[in-house]
Each structure stands twice: as structure tokens, then as C-alpha cells.
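Student: Provide a 3D model corresponding to the input given below.
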Amino acid sequence: MKNVKYLWVACLGLLSLGFTACNSDDDYFSKDAQKKTIVVNKIYLEDADATVTDREVTFARLGQIIRIEGSGFYGVRHVYVNGYDTYFNRSYVSDVSMMVQLDSDTPISDADDDVRNTIRLTKDNTETVYEFEIRAASPTVTNISNTLPMAGETVTVSGTNLHETYLVVLPDGTEVTDITNDEDGEWYSFVMPSGVSSTGGSIISYGANGTAQTPACFNESGGMIIDFDGNGDFGAWTATYQEEDLTTDPLNTGRGTVCPAIPQSVVDEGGISSGAHGNGWFTAGNDSELDDWSRFYSLIPSDTPVEEVAFQFDVYVPDAWTTGVLEFTFQNNLSTYGYGSTETTNTTNIAYPTAVVWVPWLVDNEVVPYSTTGWQTITIPVSSVGKYQDADAGYTFADVVNDRNNGSYRNFGMFLVNSDVTISDDLVFEATQFCQMVYTDNWRIVPYKSYVVSDFDDDEE
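Tutor: Model (predicted):
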């Protein structure tokens with residue numbers, strides 16, 4: 001049986017494909033096969049990536065592959081999971097074992113009481129019902145609205161299957177039980193308590209569908225590039241705004257000094273014309289040891305894939321924003337600017353397209369005015385920055401650091417670029433006068449690996 005189990009695991013990748021059954025229809029649907037009694041003895045979870053690849057279980061989640069063990073499976077016509085007629089590939093059916101992937105459309109909480117937590121297998125002349133717990137897919141996290149919150153600010157964690165979250169544990173161990181839940185399980189929120197330490201890491205939450213873990217970027221300031229309050233060196237020259245152009249947090253949340261997209265004085269003078277860009281905001285550059293990002297290796301190991309690293313900043317936008325983009329660059333060597341420039345879209349292996357634009361008012365190729373009611377965190381994966389978009393290149397965080405250290409100008413910077421946003425020849429969003437305040441703060445690099453928490457203690461995350 002051990003060799004059979006290993007064979008099942010090797011075939012997992014083919015299970016959901018619509019292959020023609022290896023068994024001929026005549027044999028599979030023969031009278032002898034159709035009248036043989038179906039017996040279910042055990043159910044196993046098949047997971048080639050787990051520590052235990054073929055594990056006996058008493059429950060499984062939607063999307064997972066199970067192996068049903070017993071006898072009389074040859075000839076099964078239908079498998080009903082919680083009443084849902086579930087596809088299976090007859091290539092993976094024998095008389096003593098069959099494999100089934102639990103369909104994501106299978107009902108859970110809304111399944112009828114008489115079929116909930118059952119697997120029913122049918123033939124022409126016989127059937128059997130096996131009681132087995134069916135759970136929703138594991139909860140996952142896709143976004144944290146505010147990863148450096150001040151006490152009293154609301155934090156919303158978004159994702160899937162986050163139903164009925166009843167406990168949140170912050171990186172320093174602080175427990176939060178006053179939680180607001182979305183009935184569809186797409187988010188939960190809580191108010192940041194006072195007295196939380198500066199320890200950064202993941203939020204762990206517990207809910208109806210199990211444990212969820214966020215990327216390890218909550219309350220994490222160890223990768224701070226510059227916070228405009230003494231952490232990080234501000235750089236200024238003729239092509240940049242000056243330190244006196246910074247401003248105090250307009251919401252008085254305790255964030256101190258913050259960096260606007262353009263200074264209030266420029267807004268007062270009429271803002272930025274269409275087709276133009278503002279001056280830059282930059283860190284100090286070559287002469288500052290803080291611009292050597294190898295200092296972040298204790299937080300983000302050098303071999304970390306760029307897909308698991310992100311640039312974050314906090315933003316407050318009081319008024320509706322519909323023109324202009326913010327461009328962030330990992331080096332001060334831009335030759336073109338804005339959406340679609342070579343610095344932001346070129347993925348060839350050359351030294352310096354290492355920039356990205358943020359266009360929050362463009363959603364699904366439509367203008368949706370953007371504003372925030374308070375400070376929010378924006379997360380931009382490094383894998384969406386310039387040349388690091390080339391997934392086949394296998395870039396790591398060490399490549400990002402080396403590119404910066406080998407560059408002529410190691411300043412990290414931000415521009416307001418008020419150019420047209422061209423999607424195609426037929427779809428161009430023309431810029432209008434940009435004349436408003438957009439505030440940013442806490443430019444930082446953070447670890448951003450996604451986690452799915454295993455149901456089993458012996459599995460690695």
C-alpha cells in the first residue's frame with residue numbers, strides 16, 4: 001500500500017485535469033462493478049508539499065485533495081460532498097482507493113442539515129454515505145490597512161475566510177478581543193490598543209475557519225528608509241524640495257513631520273501643470289551609510305525572493321484625487337518619468353530601471369476619485385518595481401541592495417508626476433492641473449511573505 005500512496009502523491013498535479021479515464025467505460029460501468037458494495041474505511045489528505053504527504057484525517061478543506069480508502073469504488077458514478085456533485089477523474093479510481101479534490105463551490109455553512117459534513121458515493125445499484133467534516137478553505141490575508149498605526153487608530157485586515165474572528169494577537173503578544181467582523185469573512189478590524197511595544201512581525205488571528213497569519217510587516221520599522229523625524233538622512237539640492245518644505249501631520253496623530261507630494265507653497269501657487277512634474281524628495285545619497293540597504297539583512301535575509309519583499313509608505317489624502325501619479329525610485333538616475341516610462345516598465349537585465357508609480361485613482365481602467373479618511377498604509381511588492389518585474393530572472397533582495405550600492409546615485413526618492421496615463425492608443429487619461437495636498441510618511445522596506453497556517457503542528461509554514 002505504501003507504494004500506491006506514493007503513486008497517488010506523484011499524480012496530484014494531474015487530478016484536476018479532464019483526462020479520459022484509463023479504465024474503459026465498459027469495464028468501469030459493468031454490472032458487476034455497479035452492484036459491488038461501497039465501503040469507506042478511512043480518508044487521507046494528499047499534500048505533496050507537506051511534511052506528511054499522505055495523512056489520515058477527520059476533516060478537510062475546500063480546494064484540498066483527499067484519498068478515500070476502502071473497497072468497491074470501481075464504478076462510482078457520483079461523489080456528493082455536502083450535497084454538491086463533485087467532479088473526479090476516473091483515472092485515479094481503483095477498487096480500493098479513489099482521489100477527489102474538494103470543489104471551491106461546495107457549500108459549507110449553507111449546506112442542508114441532512115447533507116452537511118457528509119460524502120455520498122453512488123453507483124446504479126448501491127450507495128454509501130460517510131460522515132466527514134468539510135471546512136472552508138484556510139483563511140488568508142491579502143492586505144493590512146495600517147501597518148504602523150498609532151494607538152486609537154483602526155486597523156483592517158482583509159483576506160478570505162476570516163469569518164468570526166474572535167482573537168487577534170499582535171507581534172508583542174498583546175491580545176485583542178474587541179473585533180469587528182465582516183459577515184462574508186473578507187475582513188476584520190480592531191482599534192490599535194495603547195501600550196503596544198515596538199516589536200514588529202505578524203498578526204495572528206483566530207476565527208471560525210482556523211488561524212490566519214499576516215506577513216511579518218505589522219508594527220515593523222526595522223526597514224525604515226526615512227521617517228522625516230530623524231530616522232534616515234534627508235537629502236536636498238537644487239532639483240529637490242528642501243527640508244523646510246516638509247509639514248507637520250495635519251491630523252495630529254503623533255506622526256510628527258510628514259512629506260507631502262508637493263509642498264503647500266506650491267499648491268498655493270497653483271500646483272503642477274499637466275505634463276509637468278514636481279521637484280523630488282530624496283534621501284541623502286552616496287555619502288550616507290544609511291543608503292546601504294545591506295543594513296536591512298537582519299530583517300530581510302539577502303536570499304529572500306523579491307516577491308517576498310515590499311516597499312511601504314503611509315498616506316493621507318483628504319480630498320478627491322484624480323490626476324497625477326506618485327513615482328518612487330530606488331536610485332536617483334531617472335531619465336523619463338511617469339506611468340509607462342522605461343524606468344518603471346523595463347524588465348531587461350540592465351542596471352537601473354528601478355522605479356514604480358502609484359496611481360490609486362485608476363481602478364480597472366476607470367477613474368475612481370481616491371481619498372482616505374485617515375492615515376493608510378500602501379504596500380508595493382518589490383516584484384512590481386522596474387526590472388524586478390522579470391519573474392524569470394529570480395531576483396533576490398541581495399540584487400536590490402547590490403543595484404543600489406553599485407549605482408552612481410543611491411538616493412531613494414519620490415516625485416509627483418502629472419503626465420497623461422496611457423493604457424493604449426485608444427485609452428489615454430489626460431492629466432489636468434494637480435493642486436492638492438497628498439501626505440506621505442514612513443518610507444520603509446518590509447518582509448512580505450504570505451502565510452497559510454497549517455492545521456497540523458508537524459507542517460512547516
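Student: which parts of the stretch 101-250 of the chain are strands?
Tutor: Counting by DSSP state E, counting those that start in this stretch, the stretch 101-250 of the chain has strands at residues 118-122, 127-131, 133-135, 140-144, 154-160, 167-169, 175-176, 180-181, 187-191, 204-207, 210-213, 224-226, 234-235, 247-248.
Student: quick one: closest of those strands to residue 111.
Tutor: strand 133-135 (7.9 Å; Cβ to Cβ). C-beta coordinates here come from the backbone N, C-alpha and C atoms, glycine included.
Student: the stretch 201-350 of the chain: helices as residue ranges?
Tutor: 264-268, 342-345 (DSSP state H, counting those that start in this stretch).
Student: is it possible to get TSV of the strands of the stretch 101-250 of the chain that adds mean pLDDT?
Tutor: What follows is those, written out as TSV (pLDDT from 0 to 100):
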stretch	mean pLDDT
strand 118-122	98
strand 127-131	97
strand 133-135	95
strand 140-144	97
strand 154-160	98
strand 167-169	98
strand 175-176	98
strand 180-181	98
strand 187-191	98
strand 204-207	97
strand 210-213	96
strand 224-226	97
strand 234-235	93
strand 247-248	98
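Student: same list, the ones you listed, but as CSV with distance to residue 363 and mean neighbour count please.
Tutor: Formatted as CSV, those follow (distance: least, Cβ to Cβ, whole Å; neighbours: other Cβ atoms under 10 Å):
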stretch, distance to residue 363, mean neighbour count
strand 118-122, 42, 20
strand 127-131, 46, 15
strand 133-135, 33, 18
strand 140-144, 15, 18
strand 154-160, 16, 18
strand 167-169, 29, 17
strand 175-176, 31, 14
strand 180-181, 25, 14
strand 187-191, 18, 19
strand 204-207, 28, 20
strand 210-213, 26, 20
strand 224-226, 27, 21
strand 234-235, 33, 21
strand 247-248, 28, 13
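Student: got TSV for the ones you listed, with distance to residue 300 too?
Tutor: Output for these, formatted as TSV (distance: least, Cβ to Cβ, whole Å):
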stretch	distance to residue 300
strand 118-122	44
strand 127-131	46
strand 133-135	33
strand 140-144	17
strand 154-160	22
strand 167-169	23
strand 175-176	27
strand 180-181	32
strand 187-191	27
strand 204-207	20
strand 210-213	17
strand 224-226	13
strand 234-235	23
strand 247-248	30
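Student: which among these is found nearest to residue 257?
Tutor: strand 247-248 (6.2 Å).
Student: one step back: and among the helices of the stretch 201-350 of the chain, the most buried is which?
Tutor: Ranked by mean neighbour count, the helices of the stretch 201-350 of the chain are led by helix 342-345 with a mean of 20 (mean count of other Cβ atoms under 10 Å).
Student: what sits up against that one?
Tutor: Helix 342-345 is contacted by residues 327, 329, 334-338, 352-357, 385-386, 389 when judged by Cβ atoms under 8 Å, 6 or more residues apart in numbering.
Student: what is the neighbour count of residue 259?
Tutor: 22 (other Cβ atoms under 10 Å).
Student: er, residue 428 I mean
Tutor: 11.
Student: in three-state terms, label it for me.
Tutor: strand (DSSP: H, G, I helix; E, B strand; the rest coil).
Student: residue 421 is in contact with that one, correct?
Tutor: Yes. Judged on Cβ atoms under 8 Å, residue 428 makes contact with residue 421 at a distance of 7.2 Å.
Student: chain center to stretch 285-298: distance?
Tutor: Its chain's average C-alpha position is 27 Å from that of stretch 285-298, according to Cα atoms, centre = their mean, to the nearest Å.
Student: how about it as PDB, C-alpha atoms only?
Tutor: Output of stretch 285-298 as PDB, limited to C-alpha atoms (Å, rounded to 0.1, in the frame of the first residue of the first chain):
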ATOM      1  CA  GLY A 285      22.700  59.500  -1.100                       C
ATOM      2  CA  ASN A 286      26.200  58.300  -1.600                       C
ATOM      3  CA  ASP A 287      27.800  59.800   1.400                       C
ATOM      4  CA  SER A 288      25.300  58.300   3.900                       C
ATOM      5  CA  GLU A 289      25.900  54.900   5.300                       C
ATOM      6  CA  LEU A 290      22.100  54.600   5.700                       C
ATOM      7  CA  ASP A 291      21.700  54.300   2.000                       C
ATOM      8  CA  ASP A 292      23.500  50.900   2.100                       C
ATOM      9  CA  TRP A 293      20.500  48.600   2.500                       C
ATOM     10  CA  SER A 294      22.600  45.700   3.500                       C
ATOM     11  CA  ARG A 295      21.800  47.100   7.000                       C
ATOM     12  CA  PHE A 296      18.400  45.500   6.400                       C
ATOM     13  CA  TYR A 297      19.700  42.000   6.100                       C
ATOM     14  CA  SER A 298      19.000  41.200   9.700                       C
END
